[in-house]
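J.: Here is a sequence with its predicted model. Questions after.
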Amino acid sequence: MHRPWFVIGNLAIGKTGNSASSIPLVRTRTVSITTRMTFDAAANTDVTVKAYYSPDGKNWDTIVYTSWAVTFSVSGTVQRTVIIDPPEHGYLRIAILNGGQAQALSRISAWYTIQSWPMSGDVGHGATYIDTGEERQVVEKETHG
C-alpha cells in the first residue's frame, strides 16, 4: 500500500480527527478511501468516518457528503476500503470520530485512490487515470472493454 495521506497517532475518546489536506477531484469517476486503525482491548463501539465536499477547497459543506462505520475489533487492527461516487470536480476531506466510551484509538491512517476520466473527449475506449495521492500526479492506465 502507498504511503498514507492522513495519519493520526492516537485519537482520544469522543474526539474527531480531521484530515489536514483534501483530496482533489478532477474529472473524477470514483474515489476509494482506505482507513486502518488499531482498537484497544477495551474497545466497545465502531468508529465513524465522514467525508465532506467542497466545490473550491475553501468553502466546506457542513452536511456530510457520505459516511461509513469501521467495525471495532477488541485489541485488533481493522482496515476498511469504501468506494465513493463523488462529483467530477471539487474536493473531499475526511473526519474520523472515535465515539467509544472506553479507550483511545491508535495508529490511524488513510489512503485514497482516484479513478478519473481521460483528458481527451474519447471515453469510449476505457482509458482511465489513477491518482494514489502519494506523488500528487496522475498516471495513465489503459483498459480494454
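T.: Great, that's in hand.

J.: Quick check: which ranges of the chain have low pLDDT?
T.: Within the chain, the stretches with pLDDT under 70 are 1-2, 101-102, 120-145.

J.: what about 50?
T.: Confidence mapping of the chain against pLDDT under 50 gives the ranges 125-127, 135-145.

J.: Any idea which residue is closest to the centre of it?
T.: Residue closest to the average C-alpha location in the chain (CA atoms, centre = their mean): Ile33, at 3.3 Å.

J.: before we move on, which element is that residue in?
T.: Under the assignment given by DSSP states H and E, the secondary-structure element containing Ile33 is strand 28-38.

J.: Can you give me the buried ones in the helix or strand encompassing Thr81?
T.: Secondary structure here is read from DSSP H and E; on that basis Thr81 sits in strand 77-84. Within strand 77-84, the residues that qualify as buried by neighbour count (16 or more other CB atoms under 10 Å) are 78, 82, 84. For the C-beta atoms, the positions are set from N, CA and C on the backbone; glycine is no exception.

J.: Could you report the neighbour count for the residue nearest to Ala43 when sequence neighbours are not counted?
T.: Taking CB to CB, 6 or more residues apart in numbering, and ignoring the residues beside it in sequence, Ala43 has Phe72 as its nearest neighbour in space, at 4.5 Å. Residues contacting Phe72 under the criterion other CB atoms under 10 Å number 18.

J.: Surely Phe72 is in contact with Ala42?
T.: No. Phe72 sits out of contact with Ala42 when judged by CB atoms under 8 Å, with a separation of 10.3 Å.

J.: if we can go back for a sec, could you measure the residue nearest to Ala43 against Ile8, distance?
T.: Remark: distance between Phe72 and Ile8 (CB to CB, to the nearest Å) = 16 Å.

J.: Could I get the contacting residues of the nearest residue to Gly57 once chain neighbours are set aside?
T.: Computed as CB to CB, 6+ apart, the closest residue to Gly57 that is not its neighbour in sequence is Tyr91, at 4.3 Å. Contacts for Tyr91 were tallied using CB atoms under 8 Å, 6 or more residues apart in numbering; they are 22-25, 53-57.

J.: same thing but 6 Å
T.: Residues in contact with Tyr91 (CB atoms under 6 Å, 6 or more residues apart in numbering) are 22, 24, 54, 57.
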